[in-house]
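[1] mind looking at a prediction? Sequence and model below.
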Amino acid sequence: MLRLVKLLSAVISAGLIIVVAAQAPSFAATRAAGIIGAWVSGSSAAWETADSAFGPLQDARIFYPKALPASYAGSAGSNLPSGVTLVVSYNTPDTNVSSYVCSVPSTRNVILAFYHEPENQHSPFASGAGFVTEFDAQSAEIRQAALTCGVTTVKVAMITMTWAYANSTRRGYGCSFIPPAANVDYYLGDTYEKNQDTLAHDPGFQRWLTCTSTSGLVPQGLAEYGVGLGNTTKTGCQFTDQQRASVIQTDAAYLTANFPNFAMWSYSWVTGSQCWDDWQFPTGGASATTWQNIATGAIP
């Protein structure tokens, strides 16, 4: 049975994006593909709408474009139910890392990720080696703070842009951005399918799997996952929501059959101006029903 962590996202405040999903306590998982959920634009009310429409949701994705807050208390996501796991990205190293880690209560699971999608050409890292050096230092700082303060509920993840792994001309292909297995608890990826390719046939996802499977010990997962409606404008989309639902269900079967340690699967429930970036499926539609069936375990 595939380890399934459920993930749904909601924008909670300006500059912060919270992705909320469903996950079993203490990072345990019992269903097909890790954390299941979606990235929901808006306020906490938007999260509640998504939770009701295609949840249940038990985990949250949070982005800090700069440093972590000095304390967990009062920070984004701290007002969510205690069973909700927070998946937190931050970009500024060192600042507030130890104080934030030490302030996390024993009732809250937190996964910290330094600089998600470092393979992006706009990131400050000129090479994979430069990123890994910085990431490893942050991982050590997080783990040392947790050890010193007796915090057992904070884990470390590296979050990748899988598009950057699709061919040898892209920055991720050579696997140079992947930190050593000893320095991570999860390898997570962000994958978007504008033309409704399935994960089994996505070259970026498949290459990323190769890059992160060397140890066989670190669980993999998708922190962001979206299926679009084709590479066209909104005036005439190539695909329907029913076809999107079919892709999602195919991916669920693929993950369940092939990845017993898959740790997270988060749908990006956000919309763009074109068919290719219109990831948001309608509530009450085929994709919403499919996602809820995955979240509740009706689709293994």
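    Arrived safely. Numbers count the residues shown, from 1 in each chain.

[2] contacts, neighbours, all on C-alpha from now
    Noted.

[3] count the neighbours of Ala129 for me.
    Ala129 sits with 15 neighbouring residues when counted by other CA atoms under 10 Å.

[4] that one contacts Gly174, doesn't it?
    No. Using CA atoms under 8 Å, Ala129 makes no contact with Gly174, being 11.2 Å away.

[5] A helix includes Glu141, no?
    Yes. Counting by DSSP: H, G, I helix; E, B strand; the rest coil, Glu141 is part of a helix.

[6] tell me the contacts of it?
    Contact partners of Glu141, counting by CA atoms under 8 Å, 6 or more residues apart in numbering, are 94, 97-98.

[7] do the same with Gly74
    Residues near Gly74 by CA under 8 Å, 6+ apart: none.

[8] leaving out sequence neighbours, find the closest residue to Asp185.
    Val156 (5.2 Å; CA to CA, 6 or more residues apart in numbering).

[9] secondary structure element for the residue lying farthest from the centre of the chain?
    For the chain, the residue at maximal distance from the C-alpha centroid (CA atoms, centre = their mean) is Thr235, at 30.5 Å. For Thr235, there is no enclosing helix or strand under DSSP states H and E.

[10] let me know the distance separating it from Gly272.
    Here Thr235 is placed at a distance of 13 Å from Gly272 (CA to CA, to the nearest Å).

[11] try Thr85
    27 Å.

[12] pLDDT value on the residue farthest from the centre of the chain, please?
    At Thr235, the pLDDT value in this model is 76.

[13] can you give me phi and psi for it?
    Backbone torsions of Thr235, given as degrees, to the nearest 10, read phi -70, psi -20.

[14] neighbour count: Thr85 and Gly272, which is higher?
    Thr85 (34 against 12).

[15] list phi and psi for the closest residue in space to the more buried one that isn't next to it in sequence.
    Excluding its sequence neighbours, the residue lying closest to Thr85 (CA to CA, 6+ apart) is Asp59, at 4.3 Å. Dihedral pair for Asp59: phi -160, psi 150, per degrees, to the nearest 10.
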